[in-house]
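1. sharing a model that was predicted from the sequence below.
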Amino acid sequence: MKIAILSNIFDSNSDNKEVEDSLTQVGKKTKAALESYGHEVTFYDVNERVFEKLRRAKPDAAFNVCERFNGSSLFEPHVASMLELLGIPYTGSGPLALATCMNKPMVKAVLMHHEIPTPKYQVFYSRYRKLDPELKFPLIVKPCSMDNSIGITPESVVKNEEEMRRQINFILKTYSQPALVEEFMAGREFTVSILGNDKEAMPLPVCEIEMGNIPDNPDKIYSYDAKWDENGINYNQTYMDCPAKIPKYLELKLQKLALETHRMLGVRDYSRVDLRLDEENNPYVLEMNPNPGISADCFLPYSATALNINYNQLINIIFCCALERNGITNDKKVSCVADVIKEDGMAKADTKEEVKALLSIKVLAGQAA
C-alpha cells in the first residue's frame, strides 16, 4: 500500500525548537514503523507545495502527524481539509473535530452541555473584563488556542485578582489571543488515551503525571518547561506512572469520562484526554487532544506499553483504525490487532473480536501484559 506521511521539517532557529524537533522525529519514526509492515511509505513535509505533490503521487492513504503549517498550529485543521479535498483517506480526526478541540472554551461549553464535569471558566478578551463572581480562587490562566502547554507556567495559577489580571495581560500580549480563566483543581493529574472509533473505541490504562516537590512549582503544574526543557528541574522531576496507582473505582471513572469525551467531540482513531482531581478527588476533564503526540516518550505510546503493545504495533493499530473507518482492506493482510497481544500462557488472538475482548479485559482490569 502506498502511504504518505504528513509531517513537518522546521527551521532549527525556532523559539520552540524542542517541540518542533519532536514533531519531525515522530514523522520519521512513523514512516519506519509502517515500512516494517511492508508498506511503500513516503515522507511529505507539509508546506505550500505539498498539495500538488500529493495530487500527483495519488497515495492510497495518509498518516497525518502534521501539527503545524507555516509554523502555526492554528492551521492543523486545514491540513485535514486538504486531504478531504484530495480524496485521500487519512488517520486521525477531521477538520471539524480538530478545529473544535483547538478552541478550549468551545470544548468546555460542549462538555458542560452534556454534563461532563469540567472546571468553571470565563474567557477574557481584555484584562479589564469583570470577573464572574461564581469563579473562586485559585484560578489558572492559559491561552485559549495553544498546544503543547505553550503559555502555561507555574505563574499561571493565580491566588487573587491582581495576579489574575497580570497573567491575562501576559497571555493577550504574548499570544495575541483571548485568555481562558478557569477554576484550578488542586488534586492529582491524569491522562487517558483512547484507541478506536465510536462504540469500538477503548481506553488504555490510566497514566498519572507525577511531579516532585519543586520550590518554584508548588501547585504541580504540568507546564511547558516540565514537558520540554530537558535541562530544567521541572522536567527532570516529572515522570509518568502507568498504570496509575489508584483505586479501581477511580480508574474506571477516569476511563469512562475520557471515552465519553472522545465520542462526544467526534474525535477519530486515537486521542488523549487530560483530567485533574479536585481536593475531594472528583475528576474533571481539562482538555481533549485529538491526534495527540505519538513520539515514543509521549503518553499514548507509554500507556500502550502497559499492554505490551510496542511502538510499531501502535502505529499499525492507528493506521488500521483509519482503514477500517474508510472501508479499506489492508493489502498486507495484517489486521490492526493481529500481532498486538503476546502473553505467556495466552493463545494469540487471530480475529478482531478475540483481540478486542482481550484488550477490554486487560484495560478494565488495569493489568500490564
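-> Now that the structure is in, tell me what you want to look at. Here the structure is a predicted model, which means the values were calculated and not measured.

2. not counting its neighbours along the chain, what's nearest residue 220?
-> residue 211 (4.3 Å; C-beta to C-beta, 6 or more residues apart in numbering). Any C-beta I mention is one placed from the backbone N, CA and C, and that applies to glycine too.

3. the helices in the stretch 101-250 of the chain, which residues?
-> 104-113, 161-175, 224-228, 233-236, 248-264 (DSSP state H, counting those that start in this stretch).

4. which elements pack onto the second one?
-> The one in question is helix 161-175. Helix 161-175 makes packing contacts with strand 139-143, strand 157-158, strand 179-183 when contacts are defined by 3 or more C-beta pairs under 8 Å, 6 or more residues apart in numbering; DSSP states H and E.

5. what comes up buried for it?
-> 163-165, 167-172, 175 (16 or more other C-beta atoms under 10 Å).

6. what's the most distant pair in the residues you listed?
-> The largest distance within those, taken as C-beta to C-beta, falls between 163 and 175 and amounts to 18.2 Å.

7. sketch out the low-pLDDT regions of this protein for me.
-> Filtered on pLDDT under 70, the chain yields the residue ranges 10-24, 214-215, 217-219, 223-226, 228-230, 232-237, 331-369.

8. quick one, domains of it?
-> The record, using automatic domain parsing to delimit domains, assigns the chain the ranges 2-100, 104-183, 189-211+238-365.

9. including distance to residue 221, could the ones you listed go into TSV?
-> Output for the domains of the chain, formatted as TSV (distance: least, C-beta to C-beta, whole Å):
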stretch	distance to residue 221
domain 2-100	18
domain 104-183	5
domain 189-211+238-365	8
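
10. okay, which residue is most central for the protein?
-> Nearest residue to the geometric centre of the chain (C-alpha atoms, centre = their mean): residue 292, 2.8 Å.

11. surely it and residue 300 touch.
-> Yes - applying C-beta atoms under 8 Å as the test, residue 292 and residue 300 come out as touching, 5.7 Å apart.

12. what do these two both touch?
-> Both residue 292 and residue 300 are contacted by 193, 270, 272, under the criterion C-beta atoms under 8 Å, 6 or more residues apart in numbering.

13. list the contacts for the residue lying closest to residue 202 once chain neighbours are set aside?
-> Once flanking residues are discounted, residue 202 sits nearest to residue 196: 5.3 Å by C-beta to C-beta, 6+ apart. When contacts are counted by C-beta under 8 Å, 6+ apart, residue 196 touches 202, 269-270, 321.

14. scan those residues and report the most crowded one.
-> residue 270 (28 neighbours; other C-beta atoms under 10 Å).

15. quick one, what contacts it?
-> If you count contacts by C-beta under 8 Å, 6+ apart, residue 270 has them with 91-92, 193-196, 291-292, 294, 300, 318, 321.

16. all strands for the stretch 51-200 of the chain, in order.
-> Secondary structure of the stretch 51-200 of the chain by DSSP state E, counting those that start in this stretch: the strands cover 61-64, 121-124, 139-143, 157-158, 179-183, 189-195.

17. if we can go back for a sec, hey, which of the helices of the stretch 101-250 of the chain is tucked in deepest?
-> Comparing the helices of the stretch 101-250 of the chain by mean neighbour count (mean count of other C-beta atoms under 10 Å), helix 224-228 ranks first with a mean of 21.

18. picking that back up, which of the domains of the chain sits closest to residue 231?
-> Closest of the domains of the chain to residue 231 is domain 2-100, at 10.3 Å (criterion: C-beta to C-beta).

19. compute the first-to-last residue distance for that closest one.
-> End-to-end distance for domain 2-100: 30 Å, by C-alpha to C-alpha, to the nearest Å.

20. so what's residue 299 up against?
-> 191, 193, 207, 240, 272, 292-293.

21. now for those residues: which two are most distant?
-> 240 and 292 (13.5 Å).

22. distance of the residue nearest to the centre of the chain relative to residue 89?
-> As judged by C-beta to C-beta, to the nearest Å, residue 292 and residue 89 stand 20 Å apart.
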